[in-house]
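> Any chance you could fold what I've pasted below:
(one chain, ligands or ions: 1)
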Amino acid sequence: MNHRGGISLSQEQAEIVDSVIGPGSITVVSAGAGSGKTRTMVASVLHLVKEEKVNIDDFALITFTNKATDEMRERLESGVQDRIRDAEKAGDWEERSHWFEQKERIASTFIGTIHRFCAMLLQNFGYTELIPHETEIVMARHHFLTALKETLDEALDDPMTSILFISNHIHWAPHVMAEHVEKWYEYIRGRGRSIKVVVRETLNQKEGDEEQDYRNAVAHLLNKLDDKYQELKRELGGVDSNDLLHKCAALMTQYKDQISPLVASRFRYLFVDEFQDTDELQMNIIQTLSPKLKHVLVVGDRKQAIYGFRGADHSVLQKIADQNYTKPLSLSASRRPTAILHRAQEALFDEMGLRYDFLKEKLNQAEDAHMPKDNLIPFQYEHISVFKDREQPIFERVIQKIRDFLGQSIHDRHRGMRPVTYRDICILFRSNYQLSSYLSQFPSDIPVINDTSGQFFRKPEIIACYHMLQAILKYPDDVSLDLALGTPFLPFIAPNSIYRSDGTNQMLRDWFEDEEDCKDWLKGIAELRKRMKVDLVPQLLTYMYEFTRVREYYGKQGNSQAVANLEKLVMWSRGLMDAEAQTLQQFFDRFQLALLSGMEMDEADTGEDEAKPDAVRLSTVHSAKGLEYPIVIIPDVGRRLLPNDQLPTFYDRAGWGLDLILPGEHGRSSKFKEWEDEYRRDFFEEEARILYVAITRAEHVVCMIGHGSNKVNPSGSENWSWKDEILTAAPSLVKLGMHIAKVD
Ligand SMILES: Nc1ncnc2c1ncn2[C@@H]1O[C@H](COP(=O)(O)OP(=O)(O)OP(=O)(O)O)[C@@H](O)[C@H]1O
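Here you go, the predicted structure:
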């Protein structure tokens with residue numbers, strides 16, 4: 001074994017570190033899951049800090065999710081801590097003080113997502129640009145809805161667009177039309193395409209068919225919407241996360257010569273993890289910066305590119321290497337799974353490689369692969385023969401599997417034989433929706449954690465807080481009071497008799513005001529309404545937490561995450577106050593917009609990572625990227641991936657523009673089928689990559705549950721599911737001793 005920065009590495013990993021420290025300004029690493037890309041990146045940082053005596057905050061480290069940011073910070077902190085210990089052992093006080101300084105500097109090291117990196121660049125270097133924070137993103141949403149409403153109101157009488165409103169052709173209710181227009185607009189911008197370009201391409205289509213009028217009308221509509229939206233943002237402020245990257249890229253191009261050296265004076269090294277999910281715009285930002293920096297390291301795996309739907313281009317690793325006249329370096333061994341799990345995974349990927357070229361890249365078994373001495377079967381597929389109403393039986397089977405695992409022993413690579421605990425298990429879902437449905441029915445004796453990021457405004461304590469604020473602001477409105485009752489903020493249930501509908505029902509507020517148990521709460525509400533005139537929002541929220549004793553409620557439940565989230569809401573209100581939300585009502589309006597617009601914000605960091613609660617983790621595959629778990633359960637692998645009725649009815653193709661099917665089959669061009677075929681092919685490839693990511697999160701065991709017929713469907717057909725990928729490989733998996741079984 002070789003050591004770099006005090007971390008033990010394989011020969012090929014060490015060579016990558018040496019390449020980062022050697023001549024040349026960019027190193028591109030393209031290698032499979034669990035081959036040690038992140039470990040090598042961390043080792044490179046520590047090695048440079050040790051050998052070149054650079055400081056840890058000379059690095060900008062870009063990760064893909066906030067969770068991965070935490071993970072990277074933890075790995076660095078523990079690496080630095082180890083160096084301090086080594087120096088102490090060796091009695092090298094100079095070395096020790098160098099590492100001690102680094103420990104302090106970690107706090108000022110940039111570790112974060114590309115969005116945060118761009119925001120930071122704009123903040124520091126984009127003097128006149130607006131820097132979005134949550135308020136502005138919420139405002140942008142508000143402007144968008146205004147622009148959409150105005151556009152649709154005017155479109156009815158505009159000869160360019162009125163064809164879309166002839167009700168016997170297109171029988172969409174106004175709100176349905178609005179939903180579609182919004183989806184189309186987001187789709188185009190989300191893929192990094194400019195609305196103006198799309199409109200131009202569409203109007204240039206020379207099909208000469210009648211349907212062209214419909215496509216042109218949609219193009220005009222989107223054009224108008226775009227004009228209005230941009231204008232509102234310009235006039236009134238507000239930036240969305242798409243603008244952020246565009247602005248950053250524009251700034252970089254326009255002032256490249258001034259900005260790059262400035263950035264380079266702050267950062268000497270730029271390292272990017274999970275680069276395969278970077279889109280063209282983001283890649284250009286990094287490319288523009290790279291010549292001025294001492295070294296750029298990008299690592300990724302094209303087999304794990306799972307953001308195609310958002311415009312990421314899975315060939316970016318090759319592209320950035322080409323642009324810099326270099327070749328991607330590779331890592332050949334898989335280091336996450338146990339020896340036997342690795343063999344099973346490879347058997348499956350071999351079979352999948354017959355359908356998807358990119359899966360032909362193989363990973364060898366590591367020379368020191370872990371060979372556990374437990375009885376856990378590393379690869380399991382269980383098949384339930386239900387055809388309809390599959391959710392419940394699959395859910396029950398998953399719960400049964402958790403209970404079964406818990407009774408068994410696992411041979412841990414570092415700690416030896418030990419019992420399986422809840423925290424060893426992660427259930428991976430394809431969608432947030434599926435995850436929430438599991439979360440809501442989990443049996444109360446199995447502790448569980450939702451490991452998905454960006455869910456702050458969907459947390460029950462935050463929604464309950466919203467209802468409580470509404471009840472206070474609108475007091476004595478009965479409907480608002482009713483919504484807040486029964487939440488931990490107002491933990492009382494009114495008697496059923498209150499809800500009589502014969503006109504004789506007592507007002508809810510009368511009951512509330514008479515009820516002895518509610519006295520303190522009633523006093524609290526009255527006091528808070530008085531204080532609203534003088535106190536600031538953060539103080540009001542804190543006072544509300546006090547008189548409702550909501551923090552004690554969650555504390556008693558051991559739910560420190562909920563307590564931390566409530567504190568984060570106070571912080572958020574503080575941020576809003578700097579902008580405009582000075583009164584509780586204004587704050588409430590912002591809060592409401594954030595909830596309604598599905599705004600994403602991470603939950604509070606509880607700083608409890610050391611003492612991660614012993615609970616089963618639920619996560620989407622997308623949020624689990626870069627992470628690893630001893631046991632991974634993947635439910636519902638028999639779900640059809642792309643039934644025909646879920647094929648898109650709207651496309652935007654570079655060089656062509658829009659194509660779509662409106663009600664009555666209007667709008668479709670002669671090329672529509674071509675787009676569908678392309679879509680189908682890309683879709684199945686992306687699903688294969690998502691399955692690859694899911695399966696490679698496991699260290700010891702992957703367990704999948706499927707349903708339906710146990711015959712393999714024709715490849716790429718509308719019945720095709722992940723289950724078919726597994727059943728195709730079943731003979732090789734069984735030969736390896738894996739468990740492929742039917743359960744009823
Ligand atoms: N040389 C090594 N010696 C011991 N363990 C290693 C070595 N290289 C990697 N590992 C371990 O293998 C696991 C996978 O490593 P890492 O997360 O760095 O891989 P990755 O390539 O970034 O994975 P992914 O593509 O899935 O994000 C980690 O637990 C890591 O500590």
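
> thought Met41 was touching Val298?
No - at 9.6 Å, Met41 does not count as touching Val298 under the criterion of CB atoms under 8 Å. Bear in mind the C-beta positions are built from the backbone N, C-alpha and C, glycine included.

> residues shared between the contacts of the two?
Here Met41 and Val298 have Phe271 as joint contacts, going by CB atoms under 8 Å, 6 or more residues apart in numbering.

> Who has more neighbours out of these two?
The residue with more neighbours, out of Met41 and Val298, is Val298; 29 against 25, by other CB atoms under 10 Å.

> name the element the more buried one belongs to?
Assigned by DSSP states H and E, Val298 belongs to strand 295-300.

> Which residue, other than its chain neighbours, is closest to Phe267?
Distances taken as CB to CB, 6 or more residues apart in numbering put Ala60 closest to Phe267, at 4.5 Å, once the chain neighbours are dropped.

> For the one you found, which residues are in contact?
Taking CB under 8 Å, 6+ apart, one finds Phe110, Phe117, Phe267, Tyr269, Leu270, Phe271 in contact with Ala60.

> pretty sure the third one is touching Phe110, no?
If I follow you right, that is Phe267. Yes - look at Phe267 against Phe110 with CB under 8 Å: they come within range, at 7.1 Å.

> Just give me the neighbour total for Gln585.
12.

> same check, this time on Lys89
Lys89 is flanked by 9 other residues according to other CB under 10 Å.

> List the buried residues for the one helix or strand it maps to?
Using DSSP H and E, the secondary-structure element containing Lys89 is helix 66-90. For helix 66-90, the neighbour count (16 or more other CB atoms under 10 Å) marks 66-73, 75-76, 79-80, 83-84, 87 as buried.

> what's the answer for stretch 220-228, then?
Buried, per 16+ other CB under 10 Å, within stretch 220-228: His220, Leu221, Leu222, Asn223, Lys224, Leu225, Asp226, Lys228.

> Kindly report the same for stretch 726-733.
Ile726, Leu727, Thr728, Ala729, Ala730, Ser732, Leu733.

> quick one, what contacts the fifth one?
Remark: with contacts taken as CB under 8 Å, 6+ apart, Ala730 is in contact with Tyr381, Ile740.

> Phi and psi next, for it.
The phi/psi pair for Ala730 (degrees, to the nearest 10) reads phi -50, psi -50.

> quick check, stretch 322-331 touching the ligand?
No - if you take CB under 6 Å from any ligand atom as the test, stretch 322-331 misses the ligand, and the best it gets is 7.1 Å.

> Now do that stretch: everything it contacts.
The set of residues external to stretch 322-331 that reach it, using CB under 8 Å, 6+ apart, is 10, 12-13, 15-16, 19, 24-32, 35-37, 40, 287, 290, 317-318, 321.

> Between strand 295-300 and the helix or strand hosting Asp322, find me the angle.
Assigned by DSSP H and E, Asp322 belongs to helix 316-323. Interaxial angle, helix 316-323 versus strand 295-300 (axes from the mean of the first three to the mean of the last three CA atoms, to 10 degrees): 150 degrees.

> dump the residue contacts of the residue in the stretch 601-744 of the chain that the ligand sits nearest to.
Using CB to the nearest ligand atom, the closest approach of the stretch 601-744 of the chain to the ligand is made by Gly626 at 4.0 Å. Applying CB under 8 Å, 6+ apart, one finds that Gly626 lies in contact with Thr38, Thr63, Phe64, Thr65, Ala68, Glu71, Asp273, Glu274.

> Please apply the same query to Glu527.
Glu527 neighbours (CB under 8 Å, 6+ apart): Tyr543, Phe547.

> what do you get for Leu203?
Asn216, Ala219, Gly657.

> Over to Tyr466?
Phe591, Gln592, Leu595.

> cool, and Phe267?
The contact partners of Phe267, by CB under 8 Å, 6+ apart, come to Asp58, Phe59, Ala60, Phe110, Leu293.

> Pick out the most distant pair among those residues.
By the measure CB to CB, Phe110 and Leu293 form the most distant pair in the contacts of Phe267, at 12.8 Å.

> Mind checking which of these two has more residues around it?
Each of Phe110 and Leu293 has its neighbours counted (other CB under 10 Å); Leu293 has more, 19 against 16.

> any idea how far the more buried one lies from the ligand?
Relative to the ligand, Leu293 is positioned 22 Å away (CB to the nearest ligand atom, to the nearest Å).

> can I assume that residue is in contact with Leu270?
Yes - counting by CB under 8 Å, Leu270 is a contact partner of Leu293 at 5.4 Å.

> what about the helices in the stretch 551-700 of the chain?
Applying DSSP state H, counting those that start in this stretch to the stretch 551-700 of the chain gives helices spanning 560-579, 584-596, 672-695.

> what are the phi and psi values for Ile740?
Per degrees, to the nearest 10, the backbone of Ile740 is at phi -120, psi 100.

> Just give the number of residues close to the residue nearest to Phe456 when sequence neighbours are not counted.
Spatial nearest neighbour of Phe456, excluding adjacent residues (CB to CB, 6+ apart): Met601 at 4.0 Å. By the measure other CB under 10 Å, the count of residues near Met601 is 20.

> Tell me how far Met601 lies from Gly626.
For Met601, the distance to Gly626 (CB to CB, to the nearest Å) stands at 20 Å.

> host element of Cys703?
strand 698-707.

> Flag every buried residue along that strand.
In strand 698-707, counting by 16+ other CB under 10 Å, buried: Ala698, Glu699, His700, Val701, Val702, Cys703, Met704, Ile705, Gly706, His707.

> for the stretch 301-450 of the chain, what spans make up the helices?
Using DSSP H, counting those that start in this stretch, the helices of the stretch 301-450 of the chain run over residues 316-323, 339-353, 391-406, 432-441.

> Distance from the chain centre to stretch 714-731, please.
27 Å (CA atoms, centre = their mean, to the nearest Å).

> Between the two ends of it, how far is it?
Counting by CA to CA, to the nearest Å, you get 17 Å between the two ends of stretch 714-731.

> before we move on, the earlier item: quick check: the farthest pair among the buried residues of strand 698-707?
Spatial extent of the buried residues of strand 698-707 (CB to CB) is set by the pair Glu699 and His707 at 26.7 Å.

> what is the mean pLDDT for stretch 12-28?
Average pLDDT, stretch 12-28: 89.

> what's the answer for stretch 661-672, then?
Mean predicted confidence for stretch 661-672 is 92.

> sorry, back to before: just put the contacts of Ala60 in a markdown table and tack on pLDDT and distance to Lys196.
Output for those, formatted as a markdown table (pLDDT from 0 to 100; distance: CB to CB, whole Å):
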| residue | pLDDT | distance to Lys196 |
| --- | --- | --- |
| Phe110 | 87 | 34 |
| Phe117 | 80 | 27 |
| Phe267 | 90 | 34 |
| Tyr269 | 94 | 37 |
| Leu270 | 94 | 31 |
| Phe271 | 95 | 35 |
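
> so how many other residues sit close to Leu156?
11.

> now swap in Tyr543 and tell me
A count of nearby residues for Tyr543, using other CB under 10 Å, gives 15.

> buried sites along whichever strand or helix holds it?
Tyr543 belongs to helix 537-548 when assigned by DSSP H and E. By neighbour count on 16+ other CB under 10 Å, the buried set for helix 537-548 is Val537, Pro538, Leu540, Leu541, Thr542, Met544, Tyr545, Phe547, Thr548.
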